[in-house]
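[1] pasting the sequence and the predicted coordinates here, then a few questions.
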Amino acid sequence: MYQTAYRGKKRSAKKRIKVSKKRQITIPIDFYKALGLEDEVECQLHGDAIVIRPVLEDSGAFDEQILADLITQGYSGKELLKRFKDTRRRIKPAIKNLVNEAELAAEGNADYLTYGDIFETDNNNE
């Protein structure tokens, strides 16, 4: 059995689980499904807590776009490889920042742009 609490729009749940002699744990099925976990998770140490999160993206998904853009910019050879590695390394933090900003805006704790702001349209005339 586990405890569930709701804080605003976010659900908080807690369950005590065993750690095997091989340091393995089993994620409760409700947690697994609620987070949409798949084959991999991201595990981070925060103070005295271990945070397990779903992997939000596969940075390899952008490889072709990164390479195409760098080639268009005229890079080749060793400089292309250097720029590719640097750009690819910055994708995950950039996506995390976007997700954090979107969550803050959704909670009403940050400024956000509307469809009209982005596309310079007047929604009243549509």
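    Nice, I can see it. Numbering: from 1, shown residues only.

[2] element containing residue 63?
    Using DSSP states H and E, residue 63 sits within helix 63-72.

[3] show me what the next helix or strand after that helix is packed up against.
    Downstream of helix 63-72, the first helix or strand assigned by DSSP H and E is helix 77-106. Other elements packing on helix 77-106 under the criterion 3 or more Cβ pairs under 8 Å, 6 or more residues apart in numbering; DSSP states H and E are helix 63-72. To be clear about C-beta, it is placed using only N, CA and C from the backbone, and glycine gets the same treatment.

[4] buried ones in the helix holding residue 63?
    66-67, 70 (16 or more other Cβ atoms under 10 Å).

[5] nearest to residue 53 among these?
    residue 66 (24.1 Å; Cβ to Cβ).

[6] show the average pLDDT along the helix or strand harbouring residue 30.
    In the assignment (DSSP H and E), residue 30 maps to helix 29-35. Averaged across helix 29-35, pLDDT comes to 87.

[7] what are the contacting residues of the helix or strand just after that helix?
    Of the helices and strands lying after helix 29-35 in sequence (DSSP H and E), the nearest is strand 41-46. Identification of contacts with strand 41-46 by Cβ atoms under 8 Å, 6 or more residues apart in numbering yields 50-55.

[8] least confident of those residues?
    residue 55 (79).

[9] got a list of what that residue touches?
    By Cβ under 8 Å, 6+ apart, the neighbours of residue 55 are 38, 40-42.

[10] and those residues, which is closest to residue 105?
    Using Cβ to Cβ, those come closest to residue 105 at residue 42, 22.7 Å.
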